[in-house]
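[1] Next comes the sequence, and after it the predicted model I'd like to discuss.
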Amino acid sequence: RYFVQLTDWQQGHFWNYGNYMWSGWLAGNVSTFDWHNVPHATANAGHVPRATLQITGIKTPATDEFLNKIKEIV
């Protein structure tokens, strides 16, 4: 699973993966984690809408190749 932030972080938005709290992202930032085995939560406790694109699929070598290419662009 990959999560693409579609809006910039605002006060009250958060993602939590295990012991890590993620905030301060910018639109276009992408995250992933071992969602089968890591406790996680997300919320919008603020007053501004938060939009995220969730991509779920089967990871292949082509996936890694694509992600490495976009890392070079960003």
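    Looks like it came in fine. Everything quoted here is computed from the prediction, not taken from an experiment.

[2] Could you pull out the helices in the protein for me?
    61-73 (DSSP state H).

[3] all strands of it, in order?
    Here the chain has its strands, by DSSP state E, at 2-5, 13-17, 20-22, 30-31, 40-44, 52-55.

[4] I'd like the ones you listed as CSV, with mean neighbour count, distance to residue 71 and mean pLDDT appended.
    Just so you know, the C-beta spots here come from the backbone N, C-alpha and C atoms, and that holds for glycine as well. Listed next are the strands of the chain as CSV, based on neighbours: other CB atoms under 10 Å; distance: least, CB to CB, whole Å; pLDDT from 0 to 100:
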stretch, mean neighbour count, distance to residue 71, mean pLDDT
strand 2-5, 17, 13, 91
strand 13-17, 18, 20, 92
strand 20-22, 12, 18, 91
strand 30-31, 14, 9, 87
strand 40-44, 12, 23, 93
strand 52-55, 11, 16, 93
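
[5] what's the closest of those strands to residue 63?
    strand 2-5 (9.0 Å; CB to CB).

[6] Which other helices and strands does that closest one contact?
    Packing partners of strand 2-5 (3 or more CB pairs under 8 Å, 6 or more residues apart in numbering; DSSP states H and E): strand 30-31, strand 52-55.

[7] Can you tell me the strand partners of the shortest one and which way each runs?
    Strand 30-31 has these partner strands in its sheet, going by DSSP bridges: strand 2-5 (antiparallel).

[8] Now do the strand it pairs with: distance to the chain's middle.
    4 Å (CA atoms, centre = their mean, to the nearest Å).

[9] got it, and stretch 14-27?
    From the chain centre to the centre of stretch 14-27 is a distance of 8 Å (CA atoms, centre = their mean).

[10] Span of it from start to end?
    14 Å (CA to CA, to the nearest Å).

[11] same check, this time on stretch 27-35
    So stretch 27-35: terminal residues 21 Å apart, CA to CA.

[12] And the contacts of that stretch?
    1-8, 15, 17-18, 22, 25, 40, 74 (CB atoms under 8 Å, 6 or more residues apart in numbering).

[13] Out of those, which is nearest to residue 53?
    residue 4 (4.2 Å).
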